Structures are given as C-alpha cells and as structure tokens.
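[1] Sequence and predicted structure, then a few things I'm wondering about:
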Amino acid sequence: MVSAWLAAACRSAVAPRDGALSALSLHELGAPVIKAVLAQAGLTAEDVDELIVSNALGAGGNPARVLALAAGLPERVAGLSIDRQCAGGLDAVVLARQMVLAGAADVVVAGGVESYSRRPLRLRRFADGRAPEAYEQAEFTPWPDRDPDMAEAAQALGALLGIGREAQDAWAMASHAKARAHAVAAGEIIPVAGLTADAFTRDLRPALCRRARVLTGDITTANTAVAADGAGFVVVVSERAARQLRTPVQEILGGATRGGTPDMPGLAPVAAIEYVLATAGRTPRDLQAAEVMEAYAVQAIACVRGAGIDPQIVNTGGGALARGHPVGASGAINAVRLFHTLRRTGGTGLAAIAAAGGLGTALLLSA
C-alpha cells in the first residue's frame, strides 16, 4: 500500500505577542525553521516538491511563496498558503500526506507560522458611508447568533458538560507544571532571534488562578492560552523517499478534518479523532501519547473526555496553556511535539485541535 512518513519536525520557541519574537516578519520567523527541519531530515532544498504553510492572521497574499523564497527553496516550489484558523497548521500536515499518497509529491514541507504581534489591523467597510469599524474576530458562520466569541463558546461548552472553573484551573496548572518538569527534546526547538525556550511557562498556582482576570463566566486569563508568535514545520515524505533517509521516520496512519456544530467548536475534534482512529483500526487504548490543543482548558478537557483518551498520556510536556497560541502555527507545533514524544516512547500517537466555526482536525502517527 502507498504510505506517507514524517521524516523530521521542529519549531521555534513560542513567545507571547509583543515579546521576544515580535520584531520578526512571517518569513523571518518561519524560514529558519524550514531550513532546520530539512537539515534534520538529511534533505536539501532541491529535494522539496512543495511547501504548505498555514497562516491565520496575516495580510493575505501567499505567505508560503514568500517563505519558500526566504528559506532558499528552488523557485519551482510555488508555495501553498492555507487558512483554517487554529487547525491550519495540522491541516497543512494532513494535506501534505494526501499529496504524497496521491503521488503528486515525494517531499513536502508543511506547517504554520503566525505573528500575533505583527498581524495587520482589520477594518470592516460599509456601503452606506459609515466610517470603517475595527474588529478582532472574523465571521465564521453566516448567522450572527451562531457565531460566538471564542471565550463565550468555551464558557458555553463548560456549562454544557459541567466543567467548571476549578477543573479548568487545575488543568492549566498541570500544563505549566508538566512544561516546567519536562525538558524539551533535543532538536525540537531551533533558535530564532536568540530564543531557545518557550517564554510563557511559569509556576502557576491556585492563588494566581484566583486573581486571574475573568473573560467570561469561568473562562479566565489563567485557563486560556495567551496570544503568541511562533512557527512549526515537518517534512512529509513518500515511502520511496523515506528509504533513502538515514534518520528514523514515523508513519502517518491517518489525518482528517471534520466539521461540527458551529457554535460549539470545542467539541469538533472528537469526531475527527474517532474517524482517524477507526480508519486506522485503532482505539484510544492503543495510544501511547496525545497532543491535544489547549486554546482553552475546557476545550482540552472536553476533547479528552469525549474521545475517551487517557489523560495521563495527554500533553506530557505541557500544552498551549503553558506556551501560548500562535493561531495558524499551533496545530503544526502539536505535530512537532508529538513527533519528538514518540521518538522517546515509541508506539502510536495522536495530535488534535479545534478551530473556530466548529472544525476539528486529528493526525495519527506511528513510530
């Protein structure tokens, strides 16, 4: 059977917006990571057939083309930019796998890059002559009453499932504690702008959680991932290309995006998780590791419970609550972390993420 493999994976550190990475443009942030991941795979720029880049907050155009040129890829590599908001970085990996399985490419670099610090200002114009109006969140459904603010959606999810502030804060504290206790694997983070470690991780304790600013209901700045800058990329190769590599590779057993209820986006990954496990002939009990996105603690809790995943194998080195959320790059960073975790544990691992509009993406790897 035709197969696709992950040959290498690395990322920048993640830094809160207006922090250590804030002076970098998208290509300055992402190009060093692309160069590094190819070197880790033992490949050259000439080996690359395509570059797929997720970006959610940028100015449009084709960031992937700019990144391809900045990273020194051949001019024949056109670059494909995608936007599925939070899920985009993981979707890029899924799309790369599909290209390889279709025989359209042997080597694809895929991932995401996001600069929350350098995102353009957004203005909505009106036909009646009113002054343009600034906005933060784009429209994700055609129905205003089913297009909630993400924090409000998280609050609704918690209320629906009975996941209150105490449980959310406990998950957030555990995320920071795991990040502080576990060293990042060699080769996972490559230096960008001198930053070599995630900048946000801290000693989060109950007293600090109690003082955290409330966004809405039980959703606070302690149990919500901070807006951030970062980049992550992987190399997806065909079986033919994998045989020529000297580095250990991991098989991509499956990947899929599924849509769910638009006003309850935090639950959408459950369907994607169930689908990729079923199509690969696996169950949650077969997993040795899982990287589940923590945009909000309540989302992670809901996905883990809903999919029946053992919490002990989830985000063992801390999640986005301890790093930050560089929107279009977050899914790719989850894939990078999973790749390096499976290098240590072996076995089968899952990455999953939710996105605005009721979307969920999951990726299944086998080391």
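    Structure received.
[2] Who are the contact partners of residue 182?
    316-318 (C-beta atoms under 8 Å, 6 or more residues apart in numbering). For glycine as for every other residue, the C-beta is placed from the backbone atoms N, C-alpha and C.
[3] do the same with residue 16
    199-200, 226-229, 324.
[4] Would you list the buried entries among those?
    Neighbour-count burial (16 or more other C-beta atoms under 10 Å) applied to those gives 199-200, 226-229, 324.
[5] Could you dump the contacts of residue 16 into JSON lines and include pLDDT, distance to residue 267 and secondary structure?
    Shown next, in JSON lines, are these (pLDDT from 0 to 100; distance: C-beta to C-beta, whole Å; DSSP: H, G, I helix; E, B strand; the rest coil):
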{"residue": "199", "pLDDT": "96", "distance to residue 267": "31", "secondary structure": "coil"}
{"residue": "200", "pLDDT": "97", "distance to residue 267": "26", "secondary structure": "coil"}
{"residue": "226", "pLDDT": "98", "distance to residue 267": "23", "secondary structure": "coil"}
{"residue": "227", "pLDDT": "97", "distance to residue 267": "23", "secondary structure": "strand"}
{"residue": "228", "pLDDT": "98", "distance to residue 267": "24", "secondary structure": "strand"}
{"residue": "229", "pLDDT": "98", "distance to residue 267": "28", "secondary structure": "strand"}
{"residue": "324", "pLDDT": "98", "distance to residue 267": "23", "secondary structure": "coil"}
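[6] Distance to residue 20 added to these, as TSV?
    Listed next are these as TSV, based on distance: C-beta to C-beta, whole Å:
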residue	distance to residue 20
199	6
200	10
226	13
227	14
228	10
229	8
324	11
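[7] and the two most separated of the residues you listed?
    Taking C-beta to C-beta, the two most distant members of the contacts of residue 16 are 199 and 227; they sit 12.8 Å apart.
[8] between these two, what contacts are shared?
    In contact with both residue 199 and residue 227: 16, 324, using C-beta under 8 Å, 6+ apart.
[9] which residue packs closest to the residue nearest the centre of the chain, ignoring adjacent ones?
    Nearest to the mean C-alpha position of the chain, counting by C-alpha atoms, centre = their mean, stands residue 331 at 1.4 Å. Leaving aside its chain neighbours, residue 331 sits nearest to residue 90 (3.0 Å; criterion: C-beta to C-beta, 6 or more residues apart in numbering).
[10] quick one: contacts for that neighbour?
    Counted by C-beta under 8 Å, 6+ apart, residue 90 has contacts 255, 331-332, 334-335, 351-353, 361-363.
[11] That one is in what secondary structure piece?
    Secondary structure from DSSP states H and E places residue 90 in helix 88-101.
[12] roughly how far is the helix or strand that that helix is followed by from the heart of the chain?
    Scanning forward in sequence from helix 88-101 by DSSP H and E, the next helix or strand is strand 107-115. Relative to its parent chain, strand 107-115 has a centroid offset of 10 Å by C-alpha atoms, centre = their mean, to the nearest Å.
[13] Now do strand 107-115, average pLDDT.
    Taken as a whole, strand 107-115 has an average pLDDT of 98.
[14] For that strand, name the packing helices and strands.
    For strand 107-115, the packing partners by 3 or more C-beta pairs under 8 Å, 6 or more residues apart in numbering; DSSP states H and E come out as helix 26-41, strand 50-54, helix 88-101, strand 228-238, helix 327-345.
[15] from those, which stretch is densest packed?
    strand 228-238 (a mean of 31; mean count of other C-beta atoms under 10 Å).
[16] And the following helix or strand past it, how far out from the chain middle?
    As assigned by DSSP H and E, the chain's next helix or strand after strand 228-238 is helix 239-243. How far helix 239-243 lies from its chain's middle: 26 Å, per C-alpha atoms, centre = their mean.
[17] In CSV, list the C-alpha atoms belonging to helix 239-243.
    Output of helix 239-243 as CSV, limited to C-alpha atoms (Å, rounded to 0.1, in the frame of the first residue of the first chain):
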residue,chain,number,x,y,z
GLU,A,239,7.9,5.6,1.1
ARG,A,240,10.4,5.8,-1.8
ALA,A,241,12.0,9.0,-0.3
ALA,A,242,11.9,7.5,3.2
ARG,A,243,14.0,4.5,2.2
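[18] So what touches it?
    2-5, 7, 47, 106-107, 249.
[19] Which strands border the helix or strand following that helix, and is each parallel or antiparallel?
    Note on helix 239-243: by DSSP H and E, the next helix or strand toward the C-terminus is strand 250-259. Sheet pairing of strand 250-259 (DSSP bridges) gives strand 4-11 (antiparallel), strand 359-366 (antiparallel).
[20] Distance to residue 178 added to these, as JSON lines?
    Shown next, in JSON lines, are the strands paired with strand 250-259 (distance: least, C-beta to C-beta, whole Å):
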{"stretch": "strand 4-11", "distance to residue 178": "17"}
{"stretch": "strand 359-366", "distance to residue 178": "20"}
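[21] could those strands go into a markdown table alongside mean neighbour count, distance to residue 64 and mean pLDDT?
    Shown next, in a markdown table, are the strands paired with strand 250-259 (neighbours: other C-beta atoms under 10 Å; distance: least, C-beta to C-beta, whole Å; pLDDT from 0 to 100):
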| stretch | mean neighbour count | distance to residue 64 | mean pLDDT |
| --- | --- | --- | --- |
| strand 4-11 | 27 | 17 | 98 |
| strand 359-366 | 26 | 18 | 98 |
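[22] Of all the ones you listed, which one is nearest residue 290?
    Nearest to residue 290, of the strands paired with strand 250-259 and by C-beta to C-beta, is strand 359-366 at 9.7 Å.
[23] How far off centre is the closest one?
    Worked out by C-alpha atoms, centre = their mean, strand 359-366 lies 11 Å from the chain centre.
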